[in-house]
Structure formats: C-alpha cells, structure tokens
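**Q** Need coordinates for the below:
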Amino acid sequence: MSIWRQPTTPEEIHARTPGSVNGLLDIRITEIGEDFLRGEMPVDERHIQPFGILHGGVSVVLAETLGSLGSMMACDPGFHAVGLEVNANHLRPMPKGGRAHGLCTPVRIGRSVHVWNIELRRDDGELFCVSRLTTAIIEKRKPE
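**A** Numbers count the residues shown, from 1 in each chain. All right, here's what the predicted structure looks like:
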C-alpha cells in the first residue's frame, strides 16, 4: 500500500525544476515506489569542491531535495512540508565524473512531523553519504 497522499510523477516534478537549484544541479527523480523514491545527479564542474570531489553541501542539497519531495507527497491534501533540520555524514569521497544515486525512505510519517532517511551511493554502489531530514507539516494558507 502506498504511503503517498499527494502522488505525483517524475515528469511533473521535473516540469517545475527549470530555474531552481534542482534544475541548475540536474537533480532528477528516477523512481517513485510504494514507500520510497530515488533520484540521481551527475557530479561535474557544478558540483565539486577544489579537490575534484563532490562538495558536501551539494550532497545535502540532493538529500534534502529527495526528503522534501517525499514529505510533500506524504502530506494530506491541504498541507505541505517545511524543513526543520537536515544532517549528513560524509563517509567517503564521491569523485567527479560519476553520478550520485539517492534512496529516500521514511523513518516516521506523523501528523505534524516527518523524518526521512536518505542514502547516497556512487555508481559502484558504495555508500558515500547518509542523511536525515526532519520536516514540519503545516496547513497551506488560503489565498486572501
């Protein structure tokens, strides 16, 4: 049974990304499952720090993007998610030239708080970053 209360498709998500950080960094959603989502991002000149490896902050952007999308889709209609806290542990370098692959799964989907686990892996399957995102679930404001 799906956890998504406001389902969407990768195509609908990508249609909203031009001009955003997701579009600038070429973050793509590749799969939306019953209780997970996957995304990926190339690691090129836009993403690296001076030593030629993925910048840690960019890893966090990928992780927060996946968790935020998951949280948005898991909200009841009329509600949306806002970030409260994100953390990341960088376990090994992610070199330029590959792709970063993310898997986002829920830790807890509550009424007012969601917690998401995001694992980032290299092309060879090696885990290079683990992240956790906490979001607050708030009611959408009605237009005045």
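**Q** can we go C-alpha only for contacts and neighbour counts from here?
**A** OK.
**Q** who does whichever helix in the chain runs longest touch, helix- and strand-wise?
**A** Counting by DSSP state H, the longest helix found in the chain is helix 56-74. Counting contacts by 3 or more C-alpha pairs under 8 Å, 6 or more residues apart in numbering; DSSP states H and E, helix 56-74 packs against strand 37-42, strand 79-90, strand 99-109, strand 113-121, strand 127-139.
**Q** which of the residues in the third one are buried?
**A** So that's strand 99-109. Of all the residues in strand 99-109, those buried under the rule 16 or more other C-alpha atoms under 10 Å are Arg99, Ala100, His101, Gly102, Leu103, Cys104, Thr105, Pro106, Ile109.
**Q** At the geometric centre of the protein, which residue do we find?
**A** Geometric centre of the chain, nearest residue: Leu66, 1.5 Å, by C-alpha atoms, centre = their mean.
**Q** before we move on, back to that, neighbouring contacts of the longest helix of the chain?
**A** For helix 56-74, contacts defined as C-alpha atoms under 8 Å, 6 or more residues apart in numbering pick out 3-8, 22, 27, 36-41, 47, 80-83, 86-88, 90, 102-104, 109, 114, 116-120, 129, 131-133, 135.
**Q** May I see the PyMOL selection of the buried members of the residues you listed?
**A** A single PyMOL command selects the buried members of the contacts of helix 56-74 (16+ other C-alpha under 10 Å):
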select buried, resi 3+4+6+22+27+36+37+38+39+40+41+47+80+81+83+86+88+90+102+103+104+109+114+116+117+118+119+120+129+131+132+133+135
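**Q** and Thr65, how many neighbours does it have?
**A** 22 (other C-alpha atoms under 10 Å).
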